[in-house]
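Engineer: Sequence below, structure please.
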Amino acid sequence: MLRVNGAAFLAVVGLLAMPFGSATAEESGDKGILDGAYARLGLAIGWPNIDDSSVSGSTGAGLSFVGGYEVMNGLAAEVEFVFTAGTQAERADGTEFGESASNIAFTINAKAYPLELLGQDLLPEKIRPYGIFGMGGGSVGAGGSEPGIKTIGAFLVRFGGGVDWMFTSNFGLYADGSYYVSSKDVRTGYGNMTFGAIYAF
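Structural biologist: Numbers count the residues shown, from 1 in each chain. Okay, the predicted model is just below:
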């Protein structure tokens, strides 16, 4: 099963990237790709990081829904909903036990495209790297007093990034990675990776 601690996951996320439009729109006079509203739908793969040296969380799967709007060149706002199910407690030897739990996150996010903000033209015009930061709420699979994992409501802070490829003016593909830091009364964080399609309105 896939298991990633918070620091390692954030390090990987920092290397990811995403596309959202033409980086040379001003030079060409064309409207940039995703210059306005867009939506994303993808497969989500997620797992909780439990504050327990003897127990970890196994990987669950589900869906991710995103609505976004690029408010200016290099900056966008998004609303994200992610649901994954099937997470179970896992011993060091890989065996699972206890009841399964779901992970749900609803966040409002600010997204920045650093190459555009820095005026760098290092990638093809339809590929744009981004980083993302958001806050919201949801529920995560956490270690409890009973054996296994239980689902607990939590305040969430999201850090992440991704890579998109817009192969037409309206359609594209993306890969995204995020880590959700949960409120202090929940002994876990939540890692998530999504892969899917983009539609620009």
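Engineer: where does this protein have low pLDDT?
Structural biologist: Low-confidence segments of the chain (pLDDT under 70): 1-34, 50-58, 88-101, 141-151, 184-188.
Engineer: hey, where'd the strands end up in this protein?
Structural biologist: 37-50, 55-57, 60-72, 75-91, 96-112, 130-143, 149-166, 171-182, 188-200 (DSSP state E).
Engineer: Let me see the contact set for Val66.
Structural biologist: If you count contacts by C-beta atoms under 8 Å, 6 or more residues apart in numbering, Val66 has them with Ala39, Arg40, Leu41, Glu78, Val79, Glu80, Phe81. Any C-beta I mention is one placed from the backbone N, CA and C, and that applies to glycine too.
Engineer: picking up where we left off before, just put the strands of the chain in a markdown table and tack on distance to Leu123.
Structural biologist: Listed next are the strands of the chain as a markdown table, based on distance: least, C-beta to C-beta, whole Å:
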| stretch | distance to Leu123 |
| --- | --- |
| strand 37-50 | 19 |
| strand 55-57 | 35 |
| strand 60-72 | 17 |
| strand 75-91 | 17 |
| strand 96-112 | 15 |
| strand 130-143 | 12 |
| strand 149-166 | 10 |
| strand 171-182 | 14 |
| strand 188-200 | 17 |
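Engineer: separation between the closest residue in space to Gly74 that isn't next to it in sequence and Asn103?
Structural biologist: Nearest non-adjacent residue to Gly74, counting by C-beta to C-beta, 6 or more residues apart in numbering: Glu116, 3.7 Å away. From Glu116 across to Asn103, the span is 32 Å (C-beta to C-beta, to the nearest Å).
Engineer: quick one: which of those two has more around it?
Structural biologist: Asn103 (29 against 21; other C-beta atoms under 10 Å).
Engineer: could you measure the residue lying closest to that one once chain neighbours are set aside against Ala175, distance?
Structural biologist: Once flanking residues are discounted, Asn103 sits nearest to Thr84: 4.8 Å by C-beta to C-beta, 6+ apart. From Thr84 over to Ala175 the distance is 16 Å, taken as C-beta to C-beta.
Engineer: Among those two, which residue is more densely surrounded?
Structural biologist: Thr84 (27 against 17).
Engineer: Isn't that one up against Ser102?
Structural biologist: Yes. Counting by C-beta atoms under 8 Å, Ser102 is a contact partner of Thr84 at 6.7 Å.
Engineer: and for the two, which residues touch both?
Structural biologist: Gly60, Gly62.
Engineer: if we can go back for a sec, tell me which of the strands of the chain sits nearest to Pro124.
Structural biologist: Judged by C-beta to C-beta, the one of the strands of the chain that comes nearest to Pro124 is strand 149-166, at 8.8 Å.
Engineer: Can you get me a residue count around the nearest residue to Ser102 once chain neighbours are set aside?
Structural biologist: Distances taken as C-beta to C-beta, 6+ apart put Ala85 closest to Ser102, at 4.5 Å, once the chain neighbours are dropped. Residues within reach of Ala85, counting by other C-beta under 10 Å, total 17.
Engineer: From Gly60, how far off is Ala85?
Structural biologist: Distance from Ala85 to Gly60, by C-beta to C-beta: 5 Å.
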